[in-house]
Every structure is written in structure tokens, then in C-alpha cells.
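J.: pasting the sequence and the predicted model now:
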Amino acid sequence: MKDQYGREIDYLRISITDRCNLRCQYCMPDGIQHLSHRDVLRYEELLRVCQIATTLGITKFKVTGGEPLVRKGCVDFVRDLKVLQDVEQVTLTTNGMLLEEHVDALVQAGIDGINISLDTLDDDIYSRLTGAPPQATAIVRRAAAECVKSGIRTKINAVLLPETLDSVADLAALAENLAMDVRFIEFMPVGTETGDSPITAARVLQLLRLRWDDLHPANEYRGNGPAIYYQSDKLKGRIGFISAMSHKFCDTCNRIRLTSTGELKSCLCFEGVNDLREQLRGGATDEEIELVLKDCIINKPCAHRFGERGAGTEGRSMHEIGG
């Protein structure tokens with residue numbers, strides 16, 4: 001289905017929990033209040049929404065959190081989602097801390113790809129940023145290697161932060177020995193009224209070319225998102241950049257989001273206005289829920305307004321929305 005600006009919306013990001021085993025400073029700081037279990041959509045409710053969404057042409061789904069693997073039954077949900085009629089692709093975003101023990105089951109469930117959040121390989125910085133225990137990056141690296149070995153399309157996602165700028169090349173070097181992509185994401189000020197991306201993708205590309213001077217555009221489509229990829233003869237994988245702040249890509253945005261409480265969001269930047277939980281638990285028909293989904297798609301904003309003073313952007317943290 002197309003929105004009012006002619007963009008084809010075929011991708012739904014689903015948060016299945018607001019809980020996480022880490023405390024990343026920009027996503028889930030200490031002191032937050034968790035949702036009660038009754039406030040979070042049940043798996044059968046999520047599957048019903050996804051099946052209805054396919055009737056509107058949404059065929060690609062990303063399972064997120066919080067950390068999705070902390071919710072019991074996550075892998076079974078992936079399996080059930082994958083076999084729904086007209087579902088073409090199911091992928092997962094995780095911090096990787098619990099991933100290694102689930103890799104085989106995710107392969108059996110039919111997972112199409114896994115994105116692993118890892119901002120740095122420096123254990124001290126990683127622990128300060130996330131609250132993770134010492135040597136936690138080794139756990140994530142093992143999980144990533146196991147995913148690649150199992151044939152899963154694997155990507156590392158790193159948010160660009162001042163604390164990690166000096167170590168971006170070390171992180172990118174993961175693509176030297178493993179056939180996976182390492183993607184750098186410009187910081188987006190979710191949960192604040194104003195803000196600028198402190199580090200741009202262009203700046204990081206310059207740094208990486210000091211190490212791989214043959215980095216050049218790959219001109220490949222490697223997923224559902226807006227990343228621009230670069231390749232080198234010295235890399236088995238690709239280096240990607242998601243430049244949401246310095247180079248808006250809203251004109252090609254193809255997604256909507258569903259929070260763990262059933263709120264539909266047509267743009268990460270703005271507050272959601274469609275409450276599906278009330279519909280699902282109030283006896284709404286599939287047709288009525290379809291109308292809510294249609295309204296969300298049709299009224300998707302033209303572009304985000306991150307960094308604009310007084311833009312009225314989303315005030316909640318990322319864990320409440322879905323990473």
C-alpha cells in the first residue's frame with residue numbers, strides 16, 4: 001500500500017518487549033519504569049496484526065525490543081510469524097548477549113537475517129555505555145561469528161558516538177574476516193526536543209579510508225533499510241552508513257512501527273496516534289483493524305524533524321518505541 005506521498009509501505013518493525021538485559025545510555029537509561037505484562041501485546045495479538053498487515057502489502061517484518069530474546073517464546077514467535085501467509089521476510093535486531101544459545105533454533109525457525117547492536121569493541125567503553133559486564137564484547141563477537149557460520153545474513157549496527165569515534169576502524173575490521181556487514185548509524189535525538197548528530201557518516205568514511213584506501217560504493221541492495229554500502233578488496237563484508245541526520249532518506253522510507261503496547265507509529269520521530277491494543281482487546285474485527293493500519297500508512301509524515309526546535313517530536317526513549 002502507498003502512503004499519501006507515493007511511498008510503498010511494505011515493512012513493519014515489531015517491538016515485542018520494552019525489557020532489556022543492558023542499559024544503553026541513549027536507549028534505556030537506569031531508573032526507567034517497566035511496563036506490566038498485561039500492557040504488552042500477547043504473541044497471538046501480534047500475529048493477528050501481522051497477518052492483517054499482509055493484506056495491505058506489508059510482507060517484511062523486523063522483530064525488536066527492548067531486547068527481544070529476553071522475552072520467553074521469542075524464537076517460537078519468529079517461527080509462527082515466518083509461516084504466516086504472504087510473509088516474505090522476518091529478521092531480528094538484538095544486542096547479541098543472549099544470541100549464541102539461540103542461533104540454531106533461529107535457523108530452524110527460518111530467520112532471514114539478524115542485526116546485532118555493537119557500538120565498540122573496547123570493553124571499557126562498551127561497559128560504560130551499556131552497563132555490560134567485563135569482556136562482554138567477546139560474547140557478542142562469538143554470537144556474530146556463529147550467525148555467519150550458520151548462513152544467517154548478519155549485520156553489526158553501531159550508533160556513532162563521540163566516545164567510540166576513535167575505535168570505528170577496529171569495529172569495521174570485523175568485516176575483514178567475516179562475511180557480514182558493519183553499519184554505522186548517525187545518532188538520532190529520540191526522546192529530546194532538539195539535537196544534532198555529533199558525528200556524521202562522511203566523517204567516519206574519511207577515517208575508514210585511512211585504513212582501506214580502496215573503499216568505494218558497492219551499489220548493492222542489501223536489505224530493507226536506507227543504508228549506503230561500501231566495499232574493499234580487503235573486506236569479506238561491507239561497510240554501511242545510515243545517515244538519517246546529514247542526508248535525510250525520508251522520501252524512500254518504507255516502514256511503520258508497532259510498539260510492544262500496540263501503538264502504531266508511522267515515523268520514529270513523531271508520537272504514535274493509533275492504539276491497536278484497545279482495538280484488539282475490544283472485539284474489533286479484522287476489517288476494523290485493517291482500517292487503523294491504513295490510516296497509519298496514509299497519514300505517514302513526509303519527513304522526520306529531528307533536531308528542529310519546537311518540532312514536537314517523540315519524547316520517549318528507544319526501548320519504549322522499538323529499536
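T.: Perfect, thanks for sending it. Numbering: from 1, shown residues only.
J.: CA atoms of the helix or strand containing T93 as PDB?
T.: Assigned by DSSP states H and E, T93 belongs to strand 89-94. Extracted in PDB, the C-alpha atoms of strand 89-94 (Å, rounded to 0.1, in the frame of the first residue of the first chain):
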ATOM      1  CA  GLN A  89      10.900 -12.000   5.300                       C
ATOM      2  CA  VAL A  90      11.400 -12.000   9.100                       C
ATOM      3  CA  THR A  91      14.600 -10.500  10.700                       C
ATOM      4  CA  LEU A  92      15.700  -9.800  14.200                       C
ATOM      5  CA  THR A  93      17.500  -7.000  16.000                       C
ATOM      6  CA  THR A  94      19.400  -8.000  19.200                       C
END
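J.: which is the next helix or strand following that strand?
T.: Next element after strand 89-94 (DSSP H and E): helix 103-109.
J.: mind saving the C-alpha coords of that following helix as CSV?
T.: Extracted in CSV, the C-alpha atoms of helix 103-109 (Å, rounded to 0.1, in the frame of the first residue of the first chain):
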residue,chain,number,x,y,z
VAL,A,103,21.3,-19.4,16.8
ASP,A,104,20.4,-22.9,15.8
ALA,A,105,16.8,-22.5,16.8
LEU,A,106,16.5,-19.3,14.9
VAL,A,107,17.9,-21.0,11.8
GLN,A,108,15.3,-23.7,12.2
ALA,A,109,12.6,-21.1,12.6
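J.: show me what counts as buried in it.
T.: By neighbour count with 16 or more other C-beta atoms under 10 Å, helix 103-109 contains the buried residues 103, 106, 109. C-beta here means a position set from N, CA and C on the backbone, and glycine is covered the same way.
J.: gap between the first helix or strand past that helix going along the chain and the chain center?
T.: On the C-terminal side of helix 103-109, the closest following helix or strand by DSSP H and E is strand 113-117. Centroid separation for strand 113-117 versus its chain: 8 Å, with C-alpha atoms, centre = their mean, to the nearest Å.
J.: what angle separates the very next helix or strand once past strand 113-117 from strand 113-117?
T.: Following strand 113-117 in sequence order, the next helix or strand is helix 123-130 (DSSP H and E). Interaxial angle, helix 123-130 versus strand 113-117 (axes from the mean of the first three to the mean of the last three C-alpha atoms, to 10 degrees): 100 degrees.
J.: now the helices for the stretch 51-200 of the chain?
T.: For the stretch 51-200 of the chain, the helices defined by DSSP state H, counting those that start in this stretch occupy 74-82, 103-109, 123-130, 136-149, 168-172, 174-177.
J.: likewise the stretch 201-323 of the chain?
T.: In the stretch 201-323 of the chain, the helices defined using DSSP H, counting those that start in this stretch lie at 201-209, 276-281, 286-298, 318-321.
J.: just name the most buried of the ones you listed.
T.: With neighbours defined as mean count of other C-beta atoms under 10 Å, the helices of the stretch 201-323 of the chain peak in mean count at helix 318-321, which reaches a mean of 24.
J.: coming back round to it: lowest average pLDDT across the helices of the stretch 201-323 of the chain?
T.: Of all those, the minimum mean pLDDT falls on helix 318-321 (a mean of 54).
J.: circling back to that earlier point, out of the helices of the stretch 51-200 of the chain, which gets nearest to N219?
T.: Nearest to N219, of all the helices of the stretch 51-200 of the chain, is helix 174-177, at 17.2 Å by C-beta to C-beta.
J.: which parts of that closest one are buried?
T.: Within helix 174-177, the residues that count as buried by 16+ other C-beta under 10 Å are 174-175.
J.: so which elements touch that helix?
T.: The helices and strands touching helix 174-177, judged by 3 or more C-beta pairs under 8 Å, 6 or more residues apart in numbering; DSSP states H and E, are strand 181-185.
J.: run the chain-centre distance for the strand it packs on.
T.: The answer for strand 181-185 is 12 Å, by C-alpha atoms, centre = their mean.
J.: same check on stretch 157-171?
T.: With C-alpha atoms, centre = their mean, you get 18 Å for stretch 157-171.
J.: so Y5, which of the three states?
T.: Using DSSP: H, G, I helix; E, B strand; the rest coil, the structure places Y5 in coil.
J.: neighbours of the residue lying closest to it once chain neighbours are set aside, how many?
T.: Closest residue in space to Y5, ignoring its immediate chain neighbours: C302 at 5.8 Å, by C-beta to C-beta, 6 or more residues apart in numbering. The local packing of C302 (other C-beta atoms under 10 Å) involves 13 other residues.
J.: my guess is C302 meets D3, correct?
T.: No - look at C302 against D3 with C-beta atoms under 8 Å: they stay out of range, at 9.2 Å.
J.: returning to that earlier point: ok, the residue nearest to Y5 to L293 distance?
T.: Going from C302 to L293 by C-beta to C-beta, to the nearest Å gives 19 Å.
J.: what separates the residue nearest to Y5 from M245, distance-wise?
T.: Where M245 is concerned, C302 sits at a distance of 17 Å (C-beta to C-beta).
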